[in-house]
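# okay, structure incoming, though there's no sequence with it:
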Ligand SMILES: C=C1C[C@]23C[C@@]1(O)CC[C@H]2[C@@]12CC[C@H](O)[C@@](C)(C(=O)O1)[C@H]2[C@@H]3C(=O)O
Ligand SMILES: O=C(O)CCC(=O)C(=O)O
Ligand SMILES: [Fe+2]
């Protein structure tokens, strides 16, 4: 972690303060320090912020300082920026005329209280340095037969179960949530995202709730995304979520609350249809967990700005907005604007297909907890988001989760009717969530809870 004394000293960086690993980069740093009047404070601010682009009338060069987010636990919002920083505005990558990339690794020596900045090669390309991965520029396969279920259709329960067995995913139409309610939240959150970076960061860093940018979770995952993560239960609402709701205009709060009420209903309706479709007598076996007043559900709003020139610079592939993962909860209910980007992985485990967006519908994904409760009958679906070059994507996802103390294990009725052995150990949602939040996005978290003998 950064030494706060060093961080706050507004002095030029002494030349011997940084070292380069290969003899190329020193001049670049000197140029940056001299031409841009960068002082120690500012450099530290960038580093602890993790990723920042800037421009200004007197600034002829633009720098991206990139680091592995997991190496810094110092929250950027605790740093009081100096006036120089305030005069620099956050800018979209596509506004940038000249890019200079630095890869900065800060090594702190606790004994001597010194910090060394090691810079990678000046010649390094974006591909070498940019930590947001890209996908190979291969033609995208669009899933033609996206399973679509009219929630009011008499066969909905069977169609849902079939889609969840085949894809772990389906599109829900005829859900009775007014479009206006969805666009209202979309517009209110867009107002939030349009604020300056400094303003937005007052609601961060995510703990996991709050505003986050580029860093996803706390284990080094990075994507071309900024987001708001809120927990939805008023009784267990985190101080960060509360602060966000109260700091922002009333309209924002109403939009969030109204949306949560409506989307929770959709979530429970789908879960009841699923239980029915699986032949489970207790229709509310899944939905009661989400309806429970202690339910640990949350709402996430992801904003993926168009990646423009950064994409071109990165070799033409799409930037990863949100890397591949499964959602740990029971099911997730996703609604997005009409910008594409969502992809799911087919059951072969290797083919990725794009899901055409539909701003009037919900997309439902099976989460890990449902996989456990159905003993693997319904499997959680790997999904990811790639950014669009020209259009921003805004998505809001409701993650229906059980109460923290809820024990998760395959349902006895499923084991009996299918004459199966349990594939999973019993664990509480708290235990699973803790393990999940310690893992990287792409990690197969359920493997930690599989019964080894049954899995073989
Ligand atoms: C890298 C991570 C982000 C995440 C927590 C985790 O350690 C692994 C699971 C991630 C995920 C995916 C679905 C949801 O977006 C999320 C809120 C969740 O419950 O699990 C995120 C977590 C997060 O962003 O903190
Ligand atoms: O933003 C999206 O469309 C999906 C993001 C996602 O999968 C998540 O937040 O867990
Ligand atoms: Fe997800």
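Yep, it's here. Everything numeric in this text was worked out from a predicted model, so none of it was measured. Ligands and ions are numbered 1, 2, ... in the order given.
# going by C-alpha atoms from here, please, whenever you check contacts or count neighbours.
Noted.
# now residue 251: how far from ligand 1?
Distance, residue 251 to ligand 1, by CA to the nearest ligand atom, to the nearest Å: 24 Å.
# count the residues that sit near the nearest residue to that residue once chain neighbours are set aside.
Closest residue in space to residue 251, ignoring its immediate chain neighbours: residue 188 at 7.3 Å, by CA to CA, 6 or more residues apart in numbering. Summarising burial for residue 188: neighbours were counted as other CA atoms under 10 Å, giving 18.
# where does residue 188 land on pLDDT?
On pLDDT, residue 188 comes in at 94.
# now do residue 354
95.
# up against ligand 1, what does this protein have?
208, 216-217, 219, 221, 327-328, 436-441 (CA under 6 Å from any ligand atom).
# which members of those are classed as buried?
208, 216, 217, 219, 221, 327, 328, 436, 439, 440, 441 (16 or more other CA atoms under 10 Å).
# ok, now which ones touch the third one?
I take that to be residue 217. By CA atoms under 8 Å, 6 or more residues apart in numbering, the contact set of residue 217 is 208, 437, 440, 441.
# quick one: the strands in the stretch 151-300 of the chain, in order.
Taking DSSP state E, counting those that start in this stretch, the strands of the stretch 151-300 of the chain run over residues 169-173, 210-216, 221-231, 298-304.
# now these as TSV including mean pLDDT?
Shown next, in TSV, are the strands of the stretch 151-300 of the chain (pLDDT from 0 to 100):
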stretch	mean pLDDT
strand 169-173	98
strand 210-216	91
strand 221-231	91
strand 298-304	97
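# can I get the ones you listed in CSV including distance to residue 385?
Converted to CSV, those look like this (distance: least, CA to CA, whole Å):
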stretch, distance to residue 385
strand 169-173, 15
strand 210-216, 13
strand 221-231, 9
strand 298-304, 9
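# what residues does the stretch 251-400 of the chain put near ligand 2?
Near ligand 2, when you scan the stretch 251-400 of the chain using CA under 6 Å from any ligand atom, you find 302, 327, 342, 384, 385, 395.
# again, 8 Å this time
Proximity of the stretch 251-400 of the chain to ligand 2, by CA under 8 Å from any ligand atom, involves residues 300-304, 321-322, 324-327, 334-336, 341-342, 383-385, 393-397.
# nearest residue to residue 256 other than its sequence neighbours?
Closest to residue 256 by CA to CA, 6+ apart is residue 185, at 6.2 Å.
# go on, residue 446?
residue 368 (7.0 Å).
# how close does that neighbour get to residue 251?
Distance, residue 368 to residue 251, using CA to CA, to the nearest Å: 34 Å.
# between these two, which has more neighbouring residues?
Counted by other CA under 10 Å, residue 368 and residue 251 do not tie: residue 368 has more neighbours, with 24 against 13.
# you'd agree that one is up against residue 374?
No: in this structure, residue 368 is not within contact of residue 374 by CA atoms under 8 Å, at 10.0 Å.
# any stretches of the stretch 101-250 of the chain with poor pLDDT?
101-139, 234-248 (pLDDT under 70).
# again, only this time at 90
Counting by pLDDT under 90, the ranges of the stretch 101-250 of the chain that qualify are 101-145, 195-205, 207, 209, 214, 220-224, 231-250.
# count the neighbours of residue 348 for me.
For residue 348, using other CA under 10 Å, the count is 7.
# and what of residue 401?
Residue 401 - counted by other CA under 10 Å - has 28 other residues nearby.
# look at the closest residue in space to it that isn't next to it in sequence and report its pLDDT.
Closest residue in space to residue 401, ignoring its immediate chain neighbours: residue 297 at 4.4 Å, by CA to CA, 6+ apart. Looking at residue 297, its pLDDT reads 96.
# cool, and the one 10 residues further on?
Confidence at residue 307, expressed as pLDDT, is 75.
# may I have the phi/psi pair for the nearest residue to it once chain neighbours are set aside?
Distance criterion CA to CA, 6+ apart; nearest residue to residue 307, sequence neighbours excluded, is residue 389 at 4.9 Å. Dihedral angles of residue 389 (phi, psi; degrees, to the nearest 10) stand at phi -70, psi -40.
# and residue 389, how far from residue 142?
Distance from residue 389 to residue 142, by CA to CA: 17 Å.
# who's more crowded, the two?
The residue with more neighbours, out of residue 389 and residue 142, is residue 389; 18 against 13, by other CA under 10 Å.
# correct me, but the more buried one touches residue 306?
Yes: with contacts counted by CA under 8 Å, residue 389 reaches residue 306, the gap being 5.0 Å.
# ok, whichever residue of the stretch 51-200 of the chain sits closest to ligand 2 to residue 146 distance?
Nearest to ligand 2, among the residues of the stretch 51-200 of the chain, is residue 169, at 12.0 Å (CA to the nearest ligand atom). Distance of residue 169 to residue 146, computed by CA to CA: 9 Å.
# more neighbours: which of the two?
Higher neighbour count among residue 169 and residue 146: residue 169, with 30 against 16, using other CA under 10 Å.
# wait, that one touches residue 363, no?
Yes: counting by CA under 8 Å, residue 363 is a contact partner of residue 169 at 7.2 Å.
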